[in-house]
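>>> Structure for the following, please:
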Amino acid sequence: MKTFENLYRENYQKVYAFLYRMCADANLAEDLTQETFLQAYTSFHRFRGDCEVFTWLAAIGKHVYFKYLKKKKLHLDASNLELIAQRYVKGDISPEEHVHKKDVENAVRQMVENIPKKYRDVVLLRIYAELPFSQIALILKISENSAKVIYFRAKKMLLEVLKHELEM
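Below is the predicted model:
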């Protein structure tokens, strides 16, 4: 019990930040974080130590979030992808630029909604959880090289969509 309390204290902020980046809603992130730790507590005996504790918790949190989306029949939305879009449209923006920014966000949203699950999982774990490829590989039960290739291909797909959108 004491060990799990330490695990909770040491990882709460990181798990919350990861889930907040995914859902962009403080209250929802808090609920999802609590559910993540509840599931971790009930399955703590199955943690084998093959990866870092945060990696294990991030995998549980990702599943909790997707379960929530499925239950609510929601999809990833532009608010989750705003950080990506902001990299392409920066600075003080005029009304025209604001519309353009929204177009870019819509393009990113469409791409993520249509991206195969294996790409989406790697992108979310790399960008939102800021996990190294070695940890992503452990979570998804793939090789580290496969995680890198999948991430590279997902980025390339995203950049193609954005490039196409920016040319219009």
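>>> so the residue nearest the centre of the chain is in which element?
Residue closest to the average C-alpha location in the chain (CA atoms, centre = their mean): Leu124, at 2.9 Å. Leu124 is part of helix 117-127, with elements assigned from DSSP states H and E.
>>> which residues does the residue nearest to the centre of the chain contact?
Neighbour list for Leu124: 22, 62 [criterion: CB atoms under 8 Å, 6 or more residues apart in numbering]. Where C-beta positions appear, they are placed from N, C-alpha and C, glycine not excepted.
>>> Show me what counts as buried in the helix holding Leu124.
Of the residues in helix 117-127, those scored as buried under the neighbour-count criterion (16 or more other CB atoms under 10 Å) are 119-127.
>>> which is the next helix or strand following that helix?
Reading on from helix 117-127 to the C-terminus, the next helix or strand found by DSSP H and E is helix 133-140.
>>> Now tell me what touches that following helix from outside.
Applying CB under 8 Å, 6+ apart, the set of residues contacting helix 133-140 from outside is 50-52, 55-56, 58-59, 118, 121-122, 125-126, 131, 143-144, 146-148, 151.
>>> With Glu35 as the reference, measure out to Arg9.
For Arg9, the distance to Glu35 equals 18 Å [CB to CB, to the nearest Å].
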